[in-house]
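Visitor: need a structure here:
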Amino acid sequence: MASATATAAADAANNPSPTKKRKIKLSGASTTGVMEYLQLSLPKDTLRDLYVDASRGRFICRAVLQQLPETSQQVVVRLTCCGGKFPKSLADVWCKSKYWGEKQINEMVRWAILEPSSNESTDLVLTRQFFQGFKASLHSLDASPWNPLNAAQIQFIEQEASSIEGKKVSFPAMTPDDLERYTQSQWDAVLHYLVGTPNLDVQPNPAISHFLLETKLMQPDPEYTGDPEDAPLVITRKGYDFMLQDNTQQVWHFVVQYLQSTERLGNEKAVIFKREALMVLICLSFARFGECYPTSVISKDGRRIVKDLALFGLLYVRKIGKKSIFYPTRIAMQLVGGMEGSASASSKGGKRSGGSGGMWSLSSKALDSALSHPYPKDSSHLAIIVQTNFQLCAYTTSELHVSMLGLFCEVQTIRRLPNVVFMSITRDSIKAAFALGIQAQQILRFLEKHAHPKLRTGTASPIPSNVVDQIFLWDRERHRVVWDEVFMHQCLLDGEFQAVRQYTTDLQAHSWSNEGRNQLFIKYAFAEQVQSFVRQWRAKTAAG
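Guide: Purely as a prediction, here's the structure:
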């Protein structure tokens, strides 16, 4: 007789014993930005090679220096001015011990800024590569590795293109708002493709579709009964997680996969190409948002990388006549800092200032502009207000946002106004999201990221505390009880209960038993094996 029983999860599973921390090398997918990727995922020899690049090494050194606390930055500058070497005991006098010690020195060693010190060494020594690159940086007044096109150069490109085309050609002047809309449209196309929105206005590039399949964000429909090669792609559980991330995380996910794809070129070519890709990504952070640059200022491999990054929406690239130009987008320039924003230190010396305040201020400005428009219009912006009664109010006109909210909100409760959507968060809707592989933390992160600007005041969460607690409680319900499919065995003979219980325990098939009723509940996968044992045991008992 088959049935099911519930067994309580062990407390030890919820309270694991502490284990000793170990230093591990993160994979690229575990990082959040270019600089963290440099420090945690690249060999130190590759990092040193970046420092000594003839034309861009000084900008790599500047970017690395910006990742350090202010006290460490001062030490690096002074060491460079002292020839790259200085007694450690005297260098300690430069700083208060509160902000300078072995922790800061070890961090600089990980960045290949300082040479690893031995027990006999009494000096702080800059690595030859960093010393050479940062010394060049101190001697240079260039704020950017590339010079933007000026008015005269733009006019010349227009005239040259007009003579080639035989008609007047206008230069594509992109404003910062145009670039923001371009980036958002590219990513909206990817997300629409993920959720299967029909009749898309902007179709993603085939390379993006291939990427979604390779990274298992999508998969061929397992329920398709026709030719497997013609099976449509459907979103996976991993894809749902990707969809609820913010744009910066999504872009970095793409970039990491792009960097890893270069390994297929072969050992030597892969190292050279990845090195060039990292150079381009870091140099983008020194470019000016809204300025136009010619592709002729970068190498041949760099121009190929620029075209590839344009597929992701990181750059806006256009060809005018024989010339190609590109505009960096804001999200490309933010990749260096990762999700924690700028790494600049506080004036008191030591801790990096991070958080999402900078990103919030940018989105707040765009949202305020969109929401203040007198008439509803197509907008890629989303502003969410979560109320204490679990009602969700979303200011949006995008069907994509409605689909995303429908992942964890009750679709049947939806009410629409021209630019506002009302939905409810219920236990069933949250449970349905958990069934898709979405986690409670991902839902709360999404709601917080897209909270209405008026709610982003002070340090308090924009989500009511009772809603946060309830979502976590619903999440814990999944782990509080563990369900096992079992087979109930009724013992009939004396001694049978003890024999079967001992056998199932040794077999790790025992779920629960009641000696008073002579009943055992056995894991269903072992039902036939246990029944065979019972028949043999009964036959042996009857014969004996």
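
Visitor: Next, report how far stretch 438-458 is displaced from the centre of its chain.
Guide: Mean C-alpha position of stretch 438-458 versus that of the full chain (CA atoms, centre = their mean, to the nearest Å) differs by 16 Å.

Visitor: let me fix that: stretch 112-130
Guide: On CA atoms, centre = their mean, the centre of stretch 112-130 falls 34 Å from that of its chain.

Visitor: so how far is the first residue of that stretch from its last?
Guide: The first and last residues of stretch 112-130 sit 7 Å apart, counting by CA to CA, to the nearest Å.

Visitor: Likewise for stretch 402-410?
Guide: Termini of stretch 402-410 sit 11 Å apart (CA to CA).

Visitor: could you give me the average pLDDT of that stretch?
Guide: Averaged over stretch 402-410, pLDDT sits at 89.

Visitor: Check what contacts it and list those residues.
Guide: For stretch 402-410, contacts defined as CB atoms under 8 Å, 6 or more residues apart in numbering pick out 191, 195, 197, 240, 243-244, 392, 394, 396, 414, 421, 423-426, 428-430, 432-433, 436, 438, 443, 446. No exception for glycine: its C-beta is placed from N, CA and C like everyone else's.

Visitor: Which of the residues you listed fall within helices?
Guide: Residues of the contacts of stretch 402-410 located in helices (DSSP state H): 191, 195, 240, 243-244, 428-430, 432-433, 443, 446.

Visitor: Now which of the residues you listed would you call buried?
Guide: 191, 195, 240, 243-244, 429-430, 432-433, 443, 446 (16 or more other CB atoms under 10 Å).

Visitor: secondary structure class for the residue sitting nearest the centre point of the chain?
Guide: In the chain, the residue lying closest to the centroid (CA atoms, centre = their mean) is residue 249, at 3.4 Å. Classification of residue 249 using DSSP: H, G, I helix; E, B strand; the rest coil returns helix.

Visitor: before we move on, what about the one 10 residues further on?
Guide: Following three-state DSSP, the label given to residue 259 is helix.

Visitor: For it, give its distance to residue 479.
Guide: As judged by CB to CB, to the nearest Å, residue 259 and residue 479 stand 36 Å apart.

Visitor: quick one: which of those two has more around it?
Guide: residue 259 (20 against 10; other CB atoms under 10 Å).

Visitor: ok so, going back, among the ones in helices among the contacts of stretch 402-410, which one sits closest to residue 273?
Guide: Relative to residue 273, the closest of the ones in helices among the contacts of stretch 402-410 is residue 191; by CB to CB it sits at 28.9 Å.

Visitor: pLDDT wise, what is the closest one at?
Guide: 80.

Visitor: Surely it is in contact with residue 243?
Guide: Yes - the criterion here is CB atoms under 8 Å, and residue 191 meets it with residue 243 at 5.8 Å.

Visitor: okay, and for the stretch 151-300 of the chain, where does confidence drop off?
Guide: Along the stretch 151-300 of the chain, segments meeting pLDDT under 70 span 199-203, 263-266.

Visitor: just the helices in it please.
Guide: Along the stretch 151-300 of the chain, counting by DSSP state H, counting those that start in this stretch, helices occupy 151-165, 176-195, 206-214, 237-244, 247-261, 267-284, 300-311.

Visitor: So what touches the second one?
Guide: Yep, that's helix 176-195 we're talking about. With CB under 8 Å, 6+ apart as the test, helix 176-195 has contacts from 174, 200, 202-204, 208-209, 212, 217-218, 235, 239, 242-243, 247, 250-251, 289-290, 312-314, 316, 327, 329-331, 366, 380, 398, 400, 403-404.

Visitor: May I see the ChimeraX selection of the buried members of those residues?
Guide: The buried residues among the contacts of helix 176-195 can be selected in ChimeraX (16+ other CB under 10 Å) with this line:
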select :174,204,208,212,217,218,235,239,242,243,247,250,251,290,312,313,314,316,327,329,330,331,366,380,398,400,403,404
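
Visitor: Next up, the contacts around residue 214.
Guide: Residues in contact with residue 214 (CB under 8 Å, 6+ apart) are residue 257.

Visitor: Would you check that the residue nearest to the centre of the chain makes contact with residue 31?
Guide: No - using CB under 8 Å, residue 249 is not in contact with residue 31; the gap is 10.9 Å.

Visitor: Measure how buried residue 83 is and give me the count.
Guide: Neighbours of residue 83 (other CB under 10 Å): 11.

Visitor: In a helix, it, correct?
Guide: No - with three-state DSSP as the criterion, residue 83 is coil rather than part of a helix.

Visitor: so what's the backbone phi/psi at it?
Guide: With angles defined as degrees, to the nearest 10, residue 83 sits at phi 90, psi 10.

Visitor: Repeat that for the one 3 residues further on.
Guide: Backbone dihedrals for residue 86, given as degrees, to the nearest 10, come out at phi -160, psi 140.

Visitor: which ones are touching it?
Guide: Applying CB under 8 Å, 6+ apart to residue 86 gives the contacts 78-79, 123-124.

Visitor: Turn those into a markdown table, columns for neighbour count, pLDDT and secondary structure.
Guide: As requested, those are arranged in a markdown table below (neighbours: other CB atoms under 10 Å; pLDDT from 0 to 100; DSSP: H, G, I helix; E, B strand; the rest coil):
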| residue | neighbour count | pLDDT | secondary structure |
| --- | --- | --- | --- |
| 78 | 14 | 92 | helix |
| 79 | 24 | 92 | helix |
| 123 | 15 | 86 | strand |
| 124 | 25 | 89 | strand |
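
Visitor: Residue 447 and residue 334: what is the separation?
Guide: In this view, residue 447 and residue 334 are 22 Å apart by CB to CB.

Visitor: what do you get for residue 408?
Guide: Distance, residue 408 to residue 334, using CB to CB: 27 Å.
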